[in-house]
Every structure is written in structure tokens, then in C-alpha cells.
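In: Structure for this input, please:
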Amino acid sequence: MANRNSKRTKDARAAIDREAEYELGVAIKMVKDAATAKFDETVEVAMNLNVDPRHADQMVRGLVQLPNGTGKSVRVAVFAKDAKADEAREAGADLVGAEDLAEKIQAGEIDFDRCIATPDMMAVVGRLGKVLGPRGLMPNPKLGTVTPDVAGAIAAQKGGQVEFRVEKAGVIHAGVGKASFTEDALEANVRAFLNAVTKAKPSGAKGTYVTKVAVSSTMGPGVKIDFSSVNS
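Out: Got it, this is the predicted structure:
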């Protein structure tokens, strides 16, 4: 069995021309065929953008709700008090607290993937900027993570909402599902992600905005996508 799997992996990888650009559906099939690890690999998208995020008018950042979720279990921490804390617990938050939660985070206990806060808690959360900021966990009203609607925010975070932010080199990447997803489910997720980044084109971007798009699995090779095959 191991030899057959190894041969299948080699054949799948050999079929990929690293320089060619493939129609989205074809690229996803190639990625799934090459994803033969013993665990359910994450399918990732990487986009090269013609922007310089050091300039405020070329920053690309936003949220997208993937129609088929990410396939990942997301742990959510919520800064809230009293009735809002109860609401957060009922909505499925993994960690809920106020000053006590801030103390745990300051001590290095960061056992969560997303962080939400009610507006009245930002005085407390603000002191954690140096800890949460570099990890991309700082609650932000523009991203819907500073809100009185904690139940709605928790549902969004656990239901497949993905945050994206361009890095210094002009690259955006994110997990958009699992190799076990169907081709149709992955294609819908990838289209949603690419369209969200396209719509987030900043005012300072000049020339061709998207210069390269590739999709891959955790252990598999990257497959370039013909961006014209993606509905904008």
C-alpha cells in the first residue's frame, strides 16, 4: 500500500507543470490528487499583489466568509462582562473573561485562534496590543471583532470566516479548506477568497493588481491558477 501511495504521489506531482497556469477547477483537482499525507492536509491559497503595504493607501486587509467553512476547529476567546459574558458562553466561546483573561494572556497563555471584545472592554484589551498585535489576534471593529453582538461574531469566526492581510512582500495567503473537501466545495471557497481580495483592492494600487495566484496543500506542490478563470 505504501508503494502504491508513493507512486500515486509521484505521478500526481509529475503531472504538474510548475510554470504553467491552470484553470481553477483543474488546479484544485491536481492539488487534491497530490495531497497524500496521512493527515487531512489544509488547502492554501497564495496571492502575489502589486502593492507596497508600507504605504497606507496600498494596505490590503479584510474578511471573507467561506461558503463551505475552513474545516478547522477554531478556538475563540471573548473579552466581556456580566450578561455579555453569559451570551458569549452560550454562543460557544472557548474562553471568556475580562481582567482575569488579560492576566492569562500577559502570562503567555494564548490558547485560542481568534479574539473578540465588547466595546466597553477595549480599555483592558488595549493593554495587550504588544502581545496580541504581532499574532494577528488584536480585536478590531473594522473586522467585526469589537462588537456588542458577541454571539454573531462567535458564529462568524467558528463558521468559516477568514481574515486576510497582505505581508511586506505583497503576498496574501490563507487556508481555504481541507484536502478531504469535495472539488466543488474547495472551488467555491477559493473563488470566494480570491473575489474578496480583488474587491479589497486599495486606492493606491497601480497597474496589474494580482500578479500571481497559486493553490497548494500542506505537503504538496504549488499549482499556479489562471486568474482569468476566476469569476470576479
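In: what's residue 55 in contact with, if anything?
Out: residue 204 (CB atoms under 8 Å, 6 or more residues apart in numbering). C-betas here are computed from N, CA, C, even on glycine.
In: Can you list the neighbours in contact with the longest helix seen in the chain?
Out: When the chain is scanned for its longest helix (criterion: DSSP state H), the result is helix 183-199. Contact with helix 183-199 is made by 24-25, 28-29, 31-32, 43, 45, 47, 49, 60, 62-68, 162, 164, 172, 174, 176-177, 181, 209-210, 213, 215, 225, 227, 230-232, as judged by CB under 8 Å, 6+ apart.
In: hmm, 7 Å instead?
Out: Helix 183-199 has contacts (CB atoms under 7 Å, 6 or more residues apart in numbering) with 24-25, 28-29, 32, 43, 45, 47, 60, 62, 64, 66-68, 162, 164, 172, 174, 176-177, 210, 213, 215, 230-232.
In: Buried ones among those?
Out: 24, 28-29, 32, 43, 45, 47, 60, 64, 66, 68, 162, 164, 172, 174, 176-177, 210, 213, 215, 230 (16 or more other CB atoms under 10 Å).
In: Among those residues, which are located in helices?
Out: 24, 28-29, 32.
In: buried stuff in the longest helix of the chain?
Out: 185-194, 196-198.
In: now, the most widely separated pair of the residues you listed?
Out: 185 and 198 (20.6 Å; CB to CB).
In: in this protein, what spans have low per-residue confidence?
Out: Along the chain, the model assigns pLDDT under 70 to residues 1-15, 231-232.
In: quick one: the strands in it?
Out: 21-22, 42-49, 61-65, 76-79, 95-97, 114-117, 161-165, 171-178, 210-217, 223-225 (DSSP state E).
In: No more questions from me, cheers.
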